[in-house]
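A.B. asks: Have a look; sequence and predicted model below, questions after that.
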Amino acid sequence: MILRLICFWWLCAAISCDTIETNKYRDVFVNQSTGTQLEAIGVELDPHFLSQNVTRSDGSTAADWHYVVDRVKMMKIDKFRVMVLPHWYEPVNDNSDPHSSDPGKFTFDSQEMESLYKVLDLAQEEKMDVCIVLWGCPVYVSLLDPDYADVKTCFMADPDKEGWITGPVDYDEWAENFSMLIRYLIEERGYSCVNEITPMNEPDGGPLLTSDQYIEMVEILDARFKKDKLREKVRFNLSDNTDTRTFYLKDCAEHLPGIADIFNSHTYIFGYDTPNSEIFDWEKENVNIAAGAGKKHLVGEFGSDQCVSASRQRDIDRYDRGVLMTRLVLNFLNAGAAGVSYWSLIDQYYSKNANYQQMQQLGLWKYVKKAYIADSTYSHIKTDYEVRPQYYSYGLLTRFVEPGAEIYPLNLNEDFAIGTAFKDQTGKWSYLFANATDKSKFIAVHNKAANGKFKLFCYEKKFLPCLDEPIQAAESIRVNSHQLKVEIRANSVLLCRQE
């Protein structure tokens with residue numbers, strides 16, 4: 001009798017524990033995709049390192065370029081967004097007729113252009129895509145070539161506009177300038193990686209151009225590229241509007257559906273207290289506007305809402321920024337975005353003579369240590385070109401979420417935790433989660449199309465790698481009955497990759 005009671009007690013306890021173990025996992029299902037295949041997880045890499053930076057006296061050298069090359073390869077980055085300024089290769093107007101160019105007046109061998117070629121060489125070698133963004137017309141010009149030391153402003157700049165950069169005053173000259181650049185890069189230097197252009201960075205800022213002016217400028221640019229037989233070689237990635245200025249995107253989608261190949265927008269308004277729904281809804285509106293013109297939408301720049309200037313965000317060195325950036329990307333993709341591009345890959349100076357406050361410090365890694373000597377962070381920096389925590393989390397995206405992947409939102413019913421499933425072109429699955437809460441989330445992913453083993457890669461503060469080595473798999477889990485059970489720890493990112 002006693003033995004029977006003991007056995008009954010053990011059986012009840014086992015059933016009870018098993019029920020508790022089962023109940024703590026929330027079921028989520030891989031159901032419907034967004035219908036948009038991923039184009040790229042990219043970054044901004046503006047070509048100043050081998051021109052403006054190595055010509056300074058703060059310790060950077062041309063040999064340091066290997067940090068960029070090695071890390072881009074380790075991260076397996078898909079796409080660069082690259083700025084160009086018109087005076088780098090046309091410091092003075094070649095002639096007064098924009099329809100008849102004088103090649104001898106273009107300086108494609110300038111030091112600024114040589115720095116651009118190093119970026120494009122890397123992209124070409126790694127079979128990446130490149131979007132060239134002709135930034136605008138600077139009011140104040142500084143060129144490394146002493147022969148053009150007296151050039152103080154871009155000849156197409158609008159002198160009546162305030163700010164460091166303006167829209168062009170002559171759209172035909174702008175079209176000539178841009179067409180000559182793209183023709184040289186593709187036809188003369190053979191860069192097949194250059195396959196997309198954006199006519200101007202954030203034209204709505206200021207605005208540099210009203211939406212009506214921008215539309216007219218794009219129409220002239222399109223006609224020039226067709227005339228020069230370049231139009232089929234590059235996509236037009238248009239609008240480039242910022243944050244909540246959706247009117248600009250709407251105007252372009254309405255008036256340029258036959259010219260635009262894709263649209264993009266930038267955002268720096270979401271932070272640690274922003275729920276998923278707000279981020280999702282912002283991008284969903286953009287996606288719907290672009291879809292009205294029969295086009296896809298990208299997020300062309302993004303960061304946090306902790307901006308103190310165009311070159312600083314207060315949270316740049318925080319570990320939890322890596323969780324936030326992943327949460328932003330997953331919301332964008334779940335809403336139907338075709339891709340993203342983070343601003344930016346590296347900390348660097350954009351001008352040889354810039355002071356410390358003007359250094360761009362939003363990179364996945366830092367510049368040379370001694371440049372930060374006046375900063376409160378200096379004593380914590382261990383080495384030149386030290387990576388920031390978000391380098392590791394963004395690397396999970398670039399390494400494992402590949403172009404062509406199908407995107408399947410996972411409904412976690414959470415404000416600050418999110419998940420997405422990706423099916424790559426070989427049929428293998430990845431599940432990516434970002435948990436910005438202070439409690440673990442236990443998830444059971446149901447996917448009828450996936451069995452076998454999954455490797456787990458975790459971005460967690462106490463387990464970050466040393467130096468710049470990417471995150472390695474922590475363990476493998478075998479899927480049973482098409483169900484993968486995982487714990488997403490507090491304030492962490494978890495990637496599950498099918499073997």
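C.D. replies: Now that the structure is in, tell me what you want to look at.
A.B. asks: How much space separates residue 135 from residue 107?
C.D. replies: From residue 135 across to residue 107, the span is 17 Å (Cβ to Cβ, to the nearest Å). Heads up, the C-betas are built off the backbone N, CA and C, glycines and all.
A.B. asks: quick one: which of these two has more around it?
C.D. replies: Counted by other Cβ atoms under 10 Å, residue 135 and residue 107 do not tie: residue 107 has more neighbours, with 19 against 16.
A.B. asks: Restricting to C-alpha, output the helix or strand that contains residue 239 in CSV.
C.D. replies: Residue 239 belongs to strand 235-242 when assigned by DSSP states H and E. Taking C-alpha atoms only, strand 235-242 is exported to CSV below (Å, rounded to 0.1, in the frame of the first residue of the first chain):
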residue,chain,number,x,y,z
ARG,A,235,18.2,51.5,-60.1
PHE,A,236,16.8,54.8,-59.0
ASN,A,237,16.3,54.6,-55.2
LEU,A,238,14.2,57.7,-54.5
SER,A,239,12.7,60.0,-51.9
ASP,A,240,15.3,59.5,-49.0
ASN,A,241,12.9,61.4,-46.8
THR,A,242,13.3,61.6,-43.0
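A.B. asks: what packs against that strand?
C.D. replies: Using 3 or more Cβ pairs under 8 Å, 6 or more residues apart in numbering; DSSP states H and E as the contact test, the elements touching strand 235-242 are strand 194-198, helix 211-227, helix 246-255, strand 262-267, strand 297-302.
A.B. asks: hang on, residue 213 packs against residue 169?
C.D. replies: No: in this structure, residue 213 is not within contact of residue 169 by Cβ atoms under 8 Å, at 10.5 Å.
A.B. asks: Show me the shaky parts of the stretch 1-150 of the chain.
C.D. replies: Residues of the stretch 1-150 of the chain meeting the criterion pLDDT under 70: 1-22.
A.B. asks: in it, which spans are strands?
C.D. replies: 26-29, 40-44, 79-84, 129-134, 137-138 (DSSP state E, counting those that start in this stretch).
A.B. asks: Report the buried residues of the first one.
C.D. replies: Same thing as strand 26-29. By neighbour count with 16 or more other Cβ atoms under 10 Å, strand 26-29 contains the buried residues residue 28.
A.B. asks: Which strands and helices lie in contact with that strand?
C.D. replies: When contacts are defined as 3+ Cβ pairs under 8 Å, 6+ apart, strand 26-29 sits against strand 441-446.
A.B. asks: what about the strand it packs on, average pLDDT?
C.D. replies: The pLDDT scores in strand 441-446 average 98.
A.B. asks: in its sheet, what does it sit against?
C.D. replies: strand 26-29 (parallel), strand 483-488 (antiparallel) (DSSP bridges).
A.B. asks: centre of the chain versus the first one, how much separation?
C.D. replies: Read it as strand 26-29. Strand 26-29 has its average C-alpha position 29 Å from the chain's average C-alpha position, going by Cα atoms, centre = their mean, to the nearest Å.
A.B. asks: ok, now the longest one?
C.D. replies: In terms of Cα atoms, centre = their mean, the centre of strand 483-488 is found 28 Å from the chain centre.
A.B. asks: Moving C-terminal from it, which element do we reach first?
C.D. replies: Following strand 483-488 in sequence order, the next helix or strand is strand 492-498 (DSSP H and E).
A.B. asks: Contacts for that next one next, please.
C.D. replies: 322-323, 326, 393, 396, 400, 428-435, 445, 450, 452-461, 473, 477, 484, 486, 488 (Cβ atoms under 8 Å, 6 or more residues apart in numbering).
A.B. asks: burial count for the residue lying closest to residue 193 once chain neighbours are set aside?
C.D. replies: Spatial nearest neighbour of residue 193, excluding adjacent residues (Cβ to Cβ, 6 or more residues apart in numbering): residue 123 at 4.3 Å. Close neighbours of residue 123, defined as other Cβ under 10 Å, add up to 23.
A.B. asks: all helices of the protein, in order?
C.D. replies: All helices of the chain, identified by DSSP state H, fall at 2-23, 65-75, 111-125, 171-183, 211-227, 246-255, 276-292, 320-334, 389-400.
A.B. asks: before we move on, back to that, closest one to residue 25 among the helices and strands packed on strand 235-242?
C.D. replies: Proximity to residue 25 (Cβ to Cβ) singles out strand 297-302 among the helices and strands packed on strand 235-242, at 31.8 Å.
A.B. asks: What distance do you get for the residue lying closest to residue 230 once chain neighbours are set aside to residue 489?
C.D. replies: The shortest distance from residue 230 to any non-neighbouring residue, by Cβ to Cβ, 6+ apart, is to residue 182 (5.6 Å). Distance of residue 182 to residue 489, computed by Cβ to Cβ: 47 Å.
A.B. asks: and what of residue 94?
C.D. replies: From residue 94 over to residue 489 the distance is 60 Å, taken as Cβ to Cβ.
A.B. asks: right, and residue 430 touches residue 401 too?
C.D. replies: Yes: using Cβ under 8 Å, residue 430 makes contact with residue 401 at a distance of 6.5 Å.
A.B. asks: Quick check: neighbours shared by these two?
C.D. replies: Contact criterion Cβ under 8 Å, 6+ apart; residues shared by residue 430 and residue 401: residue 422.
A.B. asks: For the stretch 151-300 of the chain, which residues score under the pLDDT cut-off?
C.D. replies: By pLDDT under 70, the stretch 151-300 of the chain contains no weakly predicted segment.
A.B. asks: what sits against residue 290?
C.D. replies: 249, 253, 262-263, 296-297.
A.B. asks: Between those, which sits nearest residue 90?
C.D. replies: Looking across these and measuring by Cβ to Cβ, the closest to residue 90 is residue 262, at 27.1 Å.
A.B. asks: for the closest one, what are its contacts?
C.D. replies: Applying Cβ under 8 Å, 6+ apart, the residues contacting residue 262 are 196, 235-238, 290, 295-298, 338.
A.B. asks: Just the buried residues out of the residues you listed, in PyMOL syntax.
C.D. replies: Buried subset of these, written as a PyMOL selection, criterion 16+ other Cβ under 10 Å:
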select buried, resi 196+235+236+237+238+290+295+296+297+298+338
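A.B. asks: Tell me the one of the contacts of residue 262 nearest residue 177?
C.D. replies: Nearest to residue 177, judged by Cβ to Cβ, of those is residue 236 at 16.1 Å.
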